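*Asks:* Sequence and predicted structure are below.
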Amino acid sequence: MPRRLPRSRRLVTAAAWPVGIALTSWSYMWRITPLHRRELAGSMERDAPPPVPQDASREEAQLSDAGVGPLFHRRYSAVICDPDPGPEELFEQVTTDLNKAAPTEFARFVKVHGDKGRLAEGDEYLVRMPGPWDGPVRVVDRTPTSFRLITLDGHLEAGQIEFRVEPEPAGVRFTIESWARSGDELSRIMYQRLRMAKEVQFHMWISFLERVAKLAGGRLQGGVDVDTRIVDDEHQAAENGRSLRDPSARRILDELHDKGLNFELEDHRGEGWLSDDYCQPLPAERPGPPEPGGSWEVAKDLMRNYEFADPSIVRAVYYPDRPLEARDMLLEARFYGLRFRFGVRVGGIVDETREFDGRQVRVWGWNYRTLQGHLEMGQMDYEVWKWLDTGEVDFHTCRFSRRARAGNPVVRLGVRVFGRRQQVKFARRACERMARLTAARLEGRDREEATARVADEVAVEPVRS
């Protein structure tokens, strides 16, 4: 069966756009279900999408690393009290016909591949919505209480979405969890800038949960929670994912495994070596150990993913699914339209409490060392410190280095003339960027937490005609 609907069917769908938008807007404005929305800064470690099962087909798959813009990890969750069926029975009802729960005046699931009836692994659907777009998806995982979809070529998003039901003391909890980026630049503009696609998607899945509760013969307890964690546009892991699709970058990165350091560690205090140490104050915390979600932990996340580096100067290409302590990195340096690639290797991780002049400081960090073929020799350390007695938090960058001998005389001259200036520029920009990103994420967290508290305290009044 063809994955894409015939043109006549798509024209009918597009013609229904004004009616669908009108009905959706009316429903959206008059909804009385309590909603609790929270948006926080995310990190790739905590918010990366789950791996696609190995036996699942990847043909025409449009996964998150093929998308553009930030990664949105979103979770819609609701507790359904006093449902008539149990978790597995309820899920069977939902998956036998997804349109029993879908807001069909706006979105309808059409199976284009697979047997009629019960949803199974390998099935493909088109999510038909008013407008010129179809949303092709494929089922890649199915259990008695969950299923997961991946988006296919042509979808507005690139990623995965999972539906699952779990038992709760009051009944069952139904959750819709997604990991996705915009499928292309137009989709990104609609989602991030105009926010139209974002609110449509929000309304669609809230309506889905409301209809599941109705299908179960129960009621929603406390409304719907919508938690969003955003790995932002400048997140280095996203840039890394796009760079890994460059065959030459991937090949050079793989070749780093067989390369050794281009210097001896014990020689770095000899003649010709330079040493730098930069310290950037970050937003302070209360005295004592690092606070959960506080300045120290935010900076730690930024450091782990090399987000503090100004991408206009240096970008890092690496395999994000490999542990930090065993990471080879391909650094792409940008200089007046030119691009240079150098290999480095993580040399160690620091996670300890130190003592200076009777004061204790909590330290976390890591370093990398230059490999054969690099234009420099040396080591770069990045650490975040928290002074336990005062709560002050600092970002430290330390370097010892010297020029390596480049084979190309023009490159050698360029390093001699501009190399030191670029070193200083990189370190200063890294400090400035770390301070800015840390403050922005803390501000976003505080703002969303305050909004969530207000939302939790405000009673939702029923609408009266």
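*Replies:* Received the coordinates, thanks. Residues are numbered from 1 along each chain as shown.

*Asks:* how about the helices in the chain?
*Replies:* Here the chain has its helices, by DSSP state H, at 7-15, 17-29, 44-47, 87-96, 185-188, 196-216, 236-244, 247-255, 295-304, 409-457.

*Asks:* Tell me the spacing between the residue lying farthest from the centre of the chain and Arg402.
*Replies:* When distances are taken from the C-alpha mean of the chain, Glu271 lies farthest, 44.7 Å away, according to C-alpha atoms, centre = their mean. Distance, Glu271 to Arg402, using C-beta to C-beta, to the nearest Å: 9 Å. Every residue, glycine included, has its C-beta placed from N, CA and C.

*Asks:* What of Pro51?
*Replies:* For Pro51, the distance to Arg402 - C-beta to C-beta - is 42 Å.

*Asks:* the more surrounded of those two?
*Replies:* Using other C-beta atoms under 10 Å, the more surrounded residue of Pro51 and Arg402 is Arg402, with 15 against 9.

*Asks:* so that one touches Glu376, yeah?
*Replies:* Yes: under the criterion of C-beta atoms under 8 Å, Arg402 makes contact with Glu376 at 7.1 Å.

*Asks:* any common contacting residues for those two?
*Replies:* Counting by C-beta atoms under 8 Å, 6 or more residues apart in numbering, Arg402 and Glu376 have no common neighbour.

*Asks:* distance of Ser77 from Glu59?
*Replies:* For Ser77, the distance to Glu59 (C-beta to C-beta) stands at 32 Å.

*Asks:* Comparing these two, which residue is more hemmed in?
*Replies:* Between Ser77 and Glu59, Ser77 has the larger neighbour count (other C-beta under 10 Å), namely 17 against 8.

*Asks:* Any idea what the residue lying closest to Pro50 once chain neighbours are set aside is bridged to?
*Replies:* Nearest-residue entry for Pro50: Gln160, 7.1 Å, with adjacent residues in sequence omitted and distances by C-beta to C-beta, 6 or more residues apart in numbering. Gln160 forms beta bridges with Ile150, Trp179, as assigned by DSSP bridges.

*Asks:* And for Gln160, the neighbour number?
*Replies:* 23.

*Asks:* Point out where the stretch 51-200 of the chain drops to low pLDDT.
*Replies:* 130-134, 185-199 (pLDDT under 70).

*Asks:* Please, where are all the strands along it?
*Replies:* In the stretch 51-200 of the chain, the segments counted as strands under DSSP state E, counting those that start in this stretch are 68-81, 108-113, 124-128, 134-143, 146-151, 157-168, 171-182.

*Asks:* Given the third one, what are its sheet partners and their directions?
*Replies:* Strand 124-128 has these partner strands in its sheet, going by DSSP bridges: strand 108-113 (antiparallel), strand 134-143 (antiparallel).

*Asks:* what do you get for the first one?
*Replies:* Taking DSSP bridges as the criterion, strand 68-81 sits next to strand 171-182 (antiparallel), strand 219-231 (antiparallel) in its sheet.

*Asks:* Out of the ones you listed, the one nearest Arg118 is which?
*Replies:* Between Arg118 and the strands paired with strand 68-81, the shortest gap by C-beta to C-beta is with strand 171-182, which sits at 18.3 Å.

*Asks:* what angle sits between the closest one and helix 196-216?
*Replies:* Orientation check (axes from the mean of the first three to the mean of the last three C-alpha atoms, to 10 degrees): strand 171-182 against helix 196-216 gives 160 degrees.

*Asks:* what's the burial count for Asp184?
*Replies:* 18.

*Asks:* In contact with it, which residues?
*Replies:* Val68.

*Asks:* Tell me how far it lies from Gly154.
*Replies:* Taken as C-beta to C-beta, the span from Asp184 to Gly154 is 10 Å.

*Asks:* Buried residues, the longest strand that the chain contains. List them.
*Replies:* Looking across the chain with DSSP state E, the single longest strand is strand 338-356. For strand 338-356, the neighbour count (16 or more other C-beta atoms under 10 Å) marks 342-346 as buried.
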